[in-house]
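*Asks:* I would like the atomic coordinates for the input below:
(2 chains)
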Amino acid sequence: MKASDFSYENPNSLNAALALLANQDGDVQLLAGGQSLMPMMNFRLAAPDTLVDLNGVKELQFIQETETSIEIGAMTRYVQLEQSPLVTQHIPLFAKALPHIAHSAIRNRGTIGGSAALADPAAEMPALLIALGATLNLQSLTGQRSVLADDFFLGLYETTLADGEIIESISIPKLASTDRTGFYELARRHGDYAMAGVAVVDRVVGDLASLRVVFFAISDRPVRDQKMEDLLQRPSANDEQQHLKEAIGQLEFHGDLNADAATKQHLAGVVLNRALKEMET
Amino acid sequence: MSGPLTNLDRPNSYIGRTVPRPDAKRLLQGRGQYVDDLQLPRMVHAAFVRSPHAHARVKEIDTTAATSLPGVVAIYTAKDFVDHVTPYVGVLTHLQGLRSAPQMPLATDVVRWQGEPVVMVVAHNRAIAEDACGLIEIDFEPLAEVCDAAAALKDDATIIHPEFDSNLAWERLVDSGDVEAIWDRDDVTVIERDFTFGRHTGVTLESRASLVEFNPADETLTYHYSGQAPHMMQAVLAKHLDLPEENVRLVARDVGGSFGIKIHTYGDDVATAIAARLLRRPVKFVADRMESFVSDIHARDHTVHGRIAVDSSGVIAAMEIDDLTGIGPFSMYPRTSAIECNQILNLTGAPYQIENYRARGRVVFQNKNMMCQYRAVGHPVAMAVADGLLEAAAHEINMDVVAIRRKNLIADTAYPATSAAGMKFDDLSHQRALEKLVSMMDYDGLRQSQEEARERGVYRGIGLVSMVEVTNPSPMFYGVGGASISAQDGATVRLDAAGALHVSSSITEQGQGTNTIIAQIAADRFGVDIDRVKVTTGDTATTPYGGGTWASRGAGIGGEAVLLAAQALRQQVLEIAGTILQAAPDSLDINNGQIVDVEGAATRMSLGELGRIVYYRGNELPNDMMPEMIATRHYRVTDFPFVFTNGAMAAHVEVDPETGFVKILDFWAVEDCGRVINPKLVDEQIRGGVIQGIGGALYEECLYSDDGQMLNASMADYLVPMAAEMPDIHIAHIETPTKTSTLGAKGAGEAGTGGAPAALMNAVNDALRPLDASIYQMPMTPQRILRVLGIGKD
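*Replies:* Next comes the predicted model:
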């Protein structure tokens, strides 16, 4: 379980990192927190020719406030999010969800940008970003573009990130104190990838109520279903549970070692109800 | 002897006292020496190409590209070893009819499980060795695999070893009394259940590791070993590498857990020894976690059909089991893979007075990783089957689960007793253990709170187990069957010139505190401060011959040898002191390193002074006195095949019927391991054991695809129990010392693992009962619980 040979680059600026990413031959991979990539390399499931380590790029580590959003540098670690008063105040969903992401030792290293870039369908962060209506700001040597989290995650370990692009930061709209959030996941052991999980954000945007429901660990990507969101926003119908069950039945479930598709379908309903219930309290 | 064993007011009274572990500071400071910490000059590293198939013919192996990789020292296939090792066969003569095929360290022609080593690469470091493994091309011709144990016995099943007529490795029948006369009786209630126990393994913190050096000048092989039976491995290696036994030295320094995993003959370890001999330089092999999962032995993997008959008063009229287990493609050498099944037949229902008992066990070959003895061999299966049936029967006749045990447990006054399966018991305390458990857990109060919880829609369950544990085995366990496995152990205790005690023992330390209790017993029986005791274990060159630490035998057998040796040395020293001091030896005593008068306890001389006279100023001694200052004693159990212990445990769980999740609210264990030498170490043995039992009951399972691929060979996917989910484990003891020894210690190492799964299964079923559901499959995963609740079925 030793990684195969690779060359290692340790840039100290985003521009230097972008240049390395653009100009190195062969398979170049970015090293963020390394909590997924390093095990994959040691298992030889990943064998990059060049590893560009972003841990020295200090300009990617920040948490800043604008009038409407919290701007988070891609190399910000989970532990920094957990400890940030800005995050606690304006993104309470993070405060609820972060303790479920693996363990302290992993949160000490793991980064928000690394998790987004990896796009593990069982991970919490991609679903949280979609639920929060986050925007990912991507940088390349040739320019900058911003992509909504809704459009960023394409499938199993697949994103819209193009060759030569690095996630520079993530913008998350602030939640108002009247906005509500819910989070629930079922994991065999604390810190494991979930058997099923969901993040819910209920906020008022302009004059419109906007409810977002995003499941994770049930399919090959985070799953947001607007039909279900519409159902939940309608004044409570008598047979709401039945409608919800039907809406969940329309989703595509991918089984894993702990839960087959049928179990995930059942548990999706359970976590949704529990997250909604938590949101009410 | 200078007083009763448990007089804690005596000076140097350590037996029965919680003494901090002398080695704790060293380990906590990171100064342990595990095999991978050792660096030897000219050392090279091994990696293995393992079979990706469960069953395939090896047609061609192309090592050309790998051979030319810089840093590669040697590449070996099975044919390179043919002249350097003799094949081994995992059978024992007392397991009549057990058969297995000859095994070689590397697969020859056919691979029979995914993970079987095929090619060995030796290189300057492990990374290069792994690079080379990646360059080796093997042309496999896949063969039909046989993975399911029941399917392996079908007429049309592929035969894994063509020299045999079937995949059956062993079958045993036990028939006691007349069960057939019971089933149709009008006055009994008969309950039948099918139990399934998943495969799991013992995940040691330090993985398997070998570092072997060969000195061609004197033909000696030194094997730095992470394991629990150095003398056994010495005999195995000497025999199969054709070396004189005295030329093979096994040295175990610190061992990071073993649990039975590291007590077997593994092809990669033997290959490491052969390579070291061929290359004449040290070769290190440290299994990485992925290869540990596909090559460390697995355990359990049993399906059992069980049947019980109880009369209207709750008395067990008959019990019958039919056990089927798949052991992988070979029986493991030298302990065999039939022992677990054998134990299940021996132990099912053993705590109870049962006249009519019938059992069949079948052990079959299959194309999965090898199966063998892991902590609590057979016990979790035997206890879960018997107590699962018993509690199901109790509910069927509306009887309380404690009451039905009171009715059936062998009475504390009935010993010596013999079970239906022929096990001989003495000094057990089932009834007292049960009563202590019931009072410790406040059974009646708990039942009441369970009722109240149910009214709130909360499903809680209480489950119990009464159990026996095989400990302190005699030669009837392995030696009788022809294995080079010692049932006796030795200890040498020596007094040095400064008055310190040096103990060398053939039992082994693998993290549980063996060295601590050795020091306690020696210091206690001899009469010095424990800080003056230095303990050596694990080295065949410097310790007496013995079995090692396994089968909960270290304290009971090795500890007794230490006790006897320390007492013998004490007698010697008192005779020397008597001569020097012109006093009768029996008027003197040793306390705190001083020779004192028995009467009045006045100090006469220090052991240091005595040592200096003996070693430096022998001229002051009479000419006919040649002091030894060293004593060796050996001990084995003679009166019984095993010294059984007993215990009673209970679990309190909450089941979430919406998710299938089980939360363990509390766990209680009452254990009678005879003399408790170090209460904290014993408690931690029980706790650690319970945790591994919880692992088997709720979390741990080696998952295989239908074609024999292990699906979860990583720590991310194979779920070991973690601290966050573990309950408080409450422990109490009953001390019924065994009459077979002075020390009176029985084993304690496996009780928790043996009993916890049964208590948990009963508790989960108790919680599910109002929902008309039950589960008899382990691990009891959320998905399996949802399925028995009818959720997620097609």
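*Asks:* okay, CA-based contacts and neighbour counts for the rest of this
*Replies:* Fine.
*Asks:* what does the stretch 601-750 of chain B put close to chain A?
*Replies:* B:658-659, B:661, B:712, B:716-717, B:719, B:721-722, B:724-725 (CA under 8 Å from any CA of the partner chain).
*Asks:* for those residues, give me CSV that also has neighbour count.
*Replies:* Below are those laid out as CSV (neighbours: other CA atoms under 10 Å in any protein chain shown):
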residue, neighbour count
B:Glu658, 16
B:Thr659, 18
B:Phe661, 21
B:Asn712, 18
B:Ala716, 10
B:Asp717, 17
B:Leu719, 19
B:Pro721, 19
B:Met722, 13
B:Ala724, 9
B:Glu725, 14
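*Asks:* which of the residues you listed fall in strands?
*Replies:* Under the assignment DSSP state E, these contribute B:Phe661 to strands.
*Asks:* from the residues of the stretch 601-750 of chain B next to chain A, which is closest to A:Ala117?
*Replies:* Nearest to A:Ala117 among those is B:Ala716, at 20.4 Å by CA to CA.
*Asks:* quick one on the thing from earlier: from the residues of the stretch 601-750 of chain B next to chain A, which two are the most distant?
*Replies:* By the measure CA to CA, B:Glu658 and B:Asn712 form the most distant pair in those, at 25.8 Å.
*Asks:* is the residue nearest to B:Ile316 when sequence neighbours are not counted in a helix, a strand, or coil?
*Replies:* Excluding its sequence neighbours, the residue lying closest to B:Ile316 (CA to CA, 6 or more residues apart in numbering or on different chains) is B:Val310, at 4.4 Å. Following DSSP: H, G, I helix; E, B strand; the rest coil, B:Val310 is assigned to strand.
*Asks:* I'd guessed B:Val310 sits against B:Ile354; true?
*Replies:* No: taking contacts as CA atoms under 8 Å, B:Val310 lies outside contact range of B:Ile354: 10.5 Å.
*Asks:* show me which of the two is the more surrounded one.
*Replies:* Neighbours were counted for B:Val310 and for B:Ile354 using other CA atoms under 10 Å in any protein chain shown; B:Val310 has more, 24 against 21.
*Asks:* what about A:Ile112, how many residues nearby?
*Replies:* 25.
*Asks:* correction: the previous question concerned B:His430.
*Replies:* The tally of other residues near B:His430 (other CA under 10 Å) stands at 28.
*Asks:* show me which residues of chain B sit near chain A.
*Replies:* Counting by CA under 8 Å from any CA, the residues of chain B that sit close to chain A are B:126-127, B:130-131, B:288-290, B:658-659, B:661, B:712, B:716-717, B:719, B:721-722, B:724-725, B:782-783, B:786, B:791-794.
*Asks:* ok, the residue nearest to B:Ile316 to chain A distance?
*Replies:* Applying CA to the nearest CA, to the nearest Å, the value for B:Val310 to chain A is 38 Å.
*Asks:* before we move on, what about B:Val111?
*Replies:* Separation of B:Val111 from chain A (CA to the nearest CA): 22 Å.
*Asks:* and residue 172, bridged to which residues?
*Replies:* Just going to use chain A. A:Ile70 (DSSP bridges).
*Asks:* actually chain B
*Replies:* B:Gly361.
*Asks:* does it touch B:Ile344 like I think?
*Replies:* No: taking contacts as CA under 8 Å, B:Arg172 lies outside contact range of B:Ile344: 11.0 Å.
*Asks:* the two: which is more packed in?
*Replies:* B:Ile344 (27 against 18).
*Asks:* how far away is the residue nearest to B:His264 when sequence neighbours are not counted from chain A?
*Replies:* For B:His264, ignoring the flanking residues on the chain, the nearest one in space by CA to CA, 6+ apart is B:Tyr333 at 6.3 Å. For B:Tyr333, the distance to chain A equals 27 Å [CA to the nearest CA].
*Asks:* quick check: B:Tyr333 is in a helix.
*Replies:* No: membership of B:Tyr333 in a helix is not supported by three-state DSSP, which gives coil.
*Asks:* count the neighbours of it for me.
*Replies:* By other CA under 10 Å, neighbour count at B:Tyr333 equals 22.
*Asks:* tell me who's in contact with it.
*Replies:* Contacts for B:Tyr333 (CA atoms under 8 Å, 6 or more residues apart in numbering or on different chains) come out as B:88-91, B:264-265.
*Asks:* what sits against whichever residue of the stretch 251-400 of chain B sits closest to chain A?
*Replies:* Closest approach between the stretch 251-400 of chain B and chain A, counting by CA to the nearest CA: B:Asp288, at 6.0 Å. B:Asp288 makes contact with A:1, B:207 under the criterion CA under 8 Å, 6+ apart.
*Asks:* distance of it from B:Arg126?
*Replies:* Distance, B:Asp288 to B:Arg126, using CA to CA, to the nearest Å: 10 Å.
*Asks:* secondary structure element for B:Glu469?
*Replies:* strand B:459-471 (DSSP states H and E).
*Asks:* for the stretch 1-150 of chain A, which residues are neighbours of chain B?
*Replies:* The stretch 1-150 of chain A comes close to chain B at residues A:1-4, as judged by CA under 8 Å from any CA.
*Asks:* can the top helix by length along chain A be found next to chain B?
*Replies:* The longest helix of chain A (DSSP state H) is helix A:261-280. Yes: using CA under 8 Å from any CA, helix A:261-280 reaches chain B at A:262-263, A:266-267, A:270.
*Asks:* any of those buried? List them.
*Replies:* A:262-263, A:266-267, A:270 (16 or more other CA atoms under 10 Å in any protein chain shown).
*Asks:* distance to B:Ala584 added to those, as CSV?
*Replies:* CSV is the format used below for these (distance: CA to CA, whole Å):
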residue, distance to B:Ala584
A:Ala262, 84
A:Thr263, 80
A:His266, 83
A:Leu267, 81
A:Val270, 82
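*Asks:* got the residues of the stretch 151-281 of chain A near chain B?
*Replies:* A:188-190, A:192, A:257-259, A:262-263, A:266-267, A:270.
*Asks:* of all the residues you listed, which two lie farthest apart?
*Replies:* Pairwise over these, using CA to CA, the maximum falls at A:His190 and A:Ala262, 22.7 Å.
*Asks:* whichever strand or helix holds B:Val58 pairs with which strands, and in what direction?
*Replies:* Assigned by DSSP H and E, B:Val58 belongs to strand B:56-62. Partners of strand B:56-62 in the sheet, by DSSP bridges, are strand B:110-111 (antiparallel), strand B:137-142 (antiparallel).
*Asks:* most tightly surrounded among those strands?
*Replies:* Most buried of these by mean neighbour count (mean count of other CA atoms under 10 Å in any protein chain shown) is strand B:110-111; its value is a mean of 23.
*Asks:* buried residues, the helix or strand following that strand. List them.
*Replies:* Next helix or strand after strand B:110-111 toward the C-terminus (DSSP H and E): strand B:117-123. Buried residues in strand B:117-123, counted by 16+ other CA under 10 Å: B:117-123.
*Asks:* counting neighbours, what do you get for the closest residue in space to A:Arg145 that isn't next to it in sequence?
*Replies:* Closest residue to A:Arg145 apart from its sequence neighbours, by CA to CA, 6+ apart: A:Leu138 at 5.3 Å. When neighbours are defined as other CA under 10 Å, A:Leu138 has 21 of them.
*Asks:* distance of A:Leu138 from A:Ala97?
*Replies:* Relative to A:Ala97, and taking CA to CA, A:Leu138 is found at 25 Å.
*Asks:* quick check: longest helix of chain B.
*Replies:* Max-length helix for chain B by DSSP H is helix B:559-581.
*Asks:* mind listing the strands for the stretch 601-750 of chain B?
*Replies:* Remark: strands assigned in the stretch 601-750 of chain B by DSSP state E, counting those that start in this stretch are B:603-606, B:630-635, B:643-656, B:661-672, B:728-733.
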